[in-house]
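Student: Can you look at this prediction? I've put the sequence above it.
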Amino acid sequence: MLFHVRMDVRLPHGMPQDQAAELKRVERARAEELQRAGTWRHLWRIAGQYSNVSVFDVASTDELHTVLSTLPLFPFMEIAVTPLLRHPSSIHSDDR
Ligand SMILES: O=C(O)CC1=CCC(=O)O1
């Protein structure tokens, strides 16, 4: 199942820089792991915003929730999820 996910990162203004840097480091490591596994299919920065649009490929909404809610930055993100399915006019036969 494919899901479009938008994440808006909202780090508290008073968060110490070293804590923010460590959070970003572990978030990046987890994001790379999920991309290598094929779970995090696309990861795009939204120009001019501390936000991304992503596509996740998971077996269920339960799995998506687990993946998203265990991201290191999860406590500091607003997340919007949109389920996706193949458009009938798409010329691609697979879901890539
Ligand atoms: O920077 C972001 O948009 C949040 C994020 C997702 C993966 C990552 O490394 O940072």
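Tutor: Happy to help now that I have it. Numbering: from 1, shown residues only.
Student: Which element, helix or strand, includes residue 79?
Tutor: According to DSSP states H and E, residue 79 maps onto strand 77-84.
Student: Now that strand: buried residues?
Tutor: For strand 77-84, the neighbour count (16 or more other CB atoms under 10 Å) marks residue 77 as buried. For the C-beta atoms, the positions are set from N, CA and C on the backbone; glycine is no exception.
Student: where's that strand relative to the chain centroid, distance-wise?
Tutor: Taking CA atoms, centre = their mean, to the nearest Å, the mean C-alpha location of strand 77-84 is offset from the chain mean by 8 Å.
Student: And stretch 10-23, by the same measure?
Tutor: Centroid separation between stretch 10-23 and its chain, computed with CA atoms, centre = their mean, is 19 Å.
Student: What are the contacting residues of that stretch?
Tutor: For stretch 10-23, contacts defined as CB atoms under 8 Å, 6 or more residues apart in numbering pick out 50, 72-73, 76-78.
Student: Adding pLDDT and distance to residue 29, write those residues out as a markdown table.
Tutor: Shown next, in a markdown table, are these (pLDDT from 0 to 100; distance: CB to CB, whole Å):
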| residue | pLDDT | distance to residue 29 |
| --- | --- | --- |
| 50 | 98 | 19 |
| 72 | 98 | 9 |
| 73 | 98 | 12 |
| 76 | 98 | 17 |
| 77 | 98 | 16 |
| 78 | 98 | 22 |
